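>>> Just need the structure, nothing else, for what follows:
(2 chains)
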Amino acid sequence: DSGVTQTPKHLITATGQRVTLRCSPRSGDLSVYWYQQSLDQGLQFLIQYYNGEERAKGNILERFSAQQFPDLHSELNLSSLELGDSALYFCASSVASGNYEQYFGPGTRLTVT
Amino acid sequence: AQSVTQLDSQVPVFEEAPVELRCNYSSSVSVYLFWYVQYPNQGLQLLLKYLSGSTLVKGINGFEAEFNKSQTSFHLRKPSVHISDTAEYFCAVSDIGDADKLIFGTGTRLQVFP
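Predicted coordinates:
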């Protein structure tokens, strides 16, 4: 158990809908990262927040957004969902920003039908 | 742009045999290198990382990797595998000036047979 929790574990929704994925980092970790793992694209970095501020951005679509709240939990919002958004979404956390070990949560499996 | 190539999508091996999982990277700048393991239905776990210093890096579960700058490689090795090592292994790279952005390879499925 990495100490990172993600909810829900599974999510099934229809095209065009909007969903919110939630992540609680390990106690004391200030950085939260979001990744997408799909068969087509592999494991891709989406976005990072550090202590409430966006720190780094990867291949995140404009339909996707994220935020980190004062209690340091983070949410990833996916809107106007398409079939291709079906994937496993991982959250990771680290104590700070930089070359610190990232601890991964168990993931949320999103299925868009 | 950085990229990571894991040359083998699957590596079958018998228990107690040695194994090497290959990883090559492409980058125009200095990098940090990582190996992660993903067990079925779980998130990723860090096996080992190279930041600087000795090019031979030892990690958890008896794994080690060697950074070869001239060949831009970071191959993962274990002298004797166990059934429990069956998992997906991911090599990753980050630019030392942008260390938070991990670029992952496509993964290598290690299947250990009794």
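>>> which residues touch the one residue sitting closest to the centre of chain A?
A centroid search over chain A (C-alpha atoms, centre = their mean) returns residue A:34, at 3.2 Å, as the residue closest to the centre. By C-beta atoms under 8 Å, 6 or more residues apart in numbering or on different chains, the contact set of residue A:34 is A:23, A:45-48, A:60, A:66, A:74, A:76, A:89-92. (Glycine included, C-beta is placed from N, CA and C.)
>>> Kindly recompute the last result at 10 Å.
A:21, A:23, A:44-49, A:58, A:60, A:64, A:66, A:74-76, A:89-92 (C-beta atoms under 10 Å, 6 or more residues apart in numbering or on different chains).
>>> With residue B:40 instead?
So residue B:40 contacts B:86-88 (C-beta under 10 Å, 6+ apart).
>>> any idea how far it lies from residue A:58?
26 Å (C-beta to C-beta, to the nearest Å).
>>> can you check residue A:105 too?
17 Å.
>>> In terms of packing, which of the two has more residues around it?
Between residue A:105 and residue A:58, counted using other C-beta atoms under 10 Å in any protein chain shown, residue A:105 has the larger neighbour count: 26 against 17.
>>> Correct me if wrong: that one contacts residue A:73.
No: the criterion here is C-beta atoms under 10 Å, and residue A:105 misses it with residue A:73 at 11.4 Å.
>>> any common contacting residues for the two?
A:5, A:23-25, A:32, A:91, A:93.
>>> Tell me if residue B:84 really is in a strand.
No: going by DSSP: H, G, I helix; E, B strand; the rest coil, the assignment for residue B:84 is helix, not a strand.
>>> and it, what is it in contact with?
B:15, B:39, B:61, B:112.
>>> now residue A:90
Neighbouring residues of residue A:90 by C-beta under 10 Å, 6+ apart: A:4, A:6, A:21, A:23, A:33-37, A:43, A:45-46, A:102, A:104-108, B:38, B:43-44.
>>> Many thanks, I have nothing further to ask.
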